[in-house]
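[1] coords please:
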Amino acid sequence: VQNKQDLMACSFACVKAEDCLKFNPNTGIADKEMGICRGPMVPHCHEFHVGATSDGCKVCQSWYYLEKDGLCYSNYVVLIVIATVLLLLVVGAVGWWIYDMAKRPVTNA
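    A predicted model of the protein is given here:
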């Protein structure tokens, strides 16, 4: 963990998992897979809890809402999926219409 208790610009210390917050209040999560103390990792989070020891968000970014599990979810994901499907159907219908018109025999000579 980066040692925030000294005045040096770039100093690190090896610490036990329970001491992550002691040396740097922004890195309270002991990540056993990466072998480091890290801050919360929540996509679309605007503000994390101070001294967090688990991945969770306090305030989400615009267009996202906070769920009980501490993660941020899109307000408009259902609307975006429906709009995408409708747009694909319209583009497909126009494409089929153009193809159909191009393949018809010429009757005006």
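[2] And stretch 65-83, how far out from the chain middle?
    11 Å (CA atoms, centre = their mean, to the nearest Å).
[3] And that stretch, what's buried?
    66, 70-72 (16 or more other CB atoms under 10 Å). In this view, the C-beta of every residue, glycine as well, is placed from N, C-alpha and C.
[4] what's the most distant pair in the residues you listed?
    Greatest spatial distance among these (CB to CB): Gly70 and Cys72, at 8.7 Å.
[5] shared neighbours, these two?
    Residues touching both Gly70 and Cys72 (CB atoms under 8 Å, 6 or more residues apart in numbering) are 42, 57.
[6] so what's the residue nearest the centre of the chain closest to, chain neighbours aside?
    By CA atoms, centre = their mean, the chain has its centre lying nearest to Pro43, at 2.7 Å. Among residues not flanking Pro43 along the chain, Cys72 sits closest, at 6.6 Å (CB to CB, 6 or more residues apart in numbering).
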